[in-house]
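Visitor: fold the following and give me the result.
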Amino acid sequence: MDHNSDRICVWPGYFDSKLSRRSGRRVPKDSAVSKPDLEQLVSAAKQLGIRKMKREDGVSHPQRPHMSEGRLWISSKGAQEHVGANSKEELLQLIGGQWKEMQDTEKIAEKKALEERAKPGQTWAKNQRKSRGTQRNQRNKSWKKK
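Guide: Next up, the predicted model:
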């Protein structure tokens, strides 16, 4: 794509918490997420209020050619109007903060669902635990007999 000063290129790798700053992370650790992908990046940008964007799937970052992560082109004028970001770094930190918040709420929802699944005192959960233990004991007994 040709250079256009009105567009900002955003790669999901900019938000990867496992990458160091030297390896390509552009946001602080508290705004970085684990396992970033283009779909989540687009949804975080939409939730932030950015409307003018174009996504490209299957494109590799020049420093990470083995990863076909894709990229997102955001209109700098649109980002300034809707979000108030004056620079690319400010825009990246805003998107990263929104994305991290989305990921944290998703983790909390998963924990709640897991807690509701097997509460202490539920008979089916007890039965599952007992059956697993008896199977393990039977395997151990059969091994000892040999």
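Visitor: for the helix ranked longest in the chain, packing partners?
Guide: Ranked by number of residues, the top helix in the chain under DSSP state H is helix 88-117. For helix 88-117, the packing partners by 3 or more C-beta pairs under 8 Å, 6 or more residues apart in numbering; DSSP states H and E come out as strand 7-10, helix 38-48. For every residue, glycine as well, the C-beta is placed using N, CA and C.
Visitor: sec struct for the residue nearest to the spatial centre of the chain, please.
Guide: For the chain, P36 is the residue whose C-alpha lies nearest the centre (C-alpha atoms, centre = their mean; 4.1 Å). Recorded secondary structure, P36: coil (DSSP: H, G, I helix; E, B strand; the rest coil).
Visitor: not including adjacent chain positions, what is the nearest residue to it?
Guide: Leaving aside its chain neighbours, P36 sits nearest to P12 (4.0 Å; criterion: C-beta to C-beta, 6 or more residues apart in numbering).
Visitor: got a list of what that neighbour touches?
Guide: P12 makes contacts with 36-38, 40-41, 69-71, as judged by C-beta atoms under 8 Å, 6 or more residues apart in numbering.
Visitor: can you give me the pLDDT of M1?
Guide: For M1, the model assigns a pLDDT of 49.
Visitor: any idea which helix or strand of the protein has the worst average confidence?
Guide: Least confident helix or strand, the chain: helix 123-145 with a mean of 60, by mean pLDDT, DSSP states H and E.
Visitor: quick one, what contacts Q98?
Guide: Shown in contact with Q98 (C-beta under 8 Å, 6+ apart): 44-45, 47-48.
Visitor: hmm, back to that, need the contact list for the residue nearest to the centre of the chain.
Guide: Applying C-beta under 8 Å, 6+ apart, the residues contacting P36 are 12-13, 15-16, 69, 99.
Visitor: and the angle for the longest helix of the chain with helix 38-48?
Guide: Helix 88-117 runs at 100 degrees relative to helix 38-48, counting by axes from the mean of the first three to the mean of the last three C-alpha atoms, to 10 degrees.
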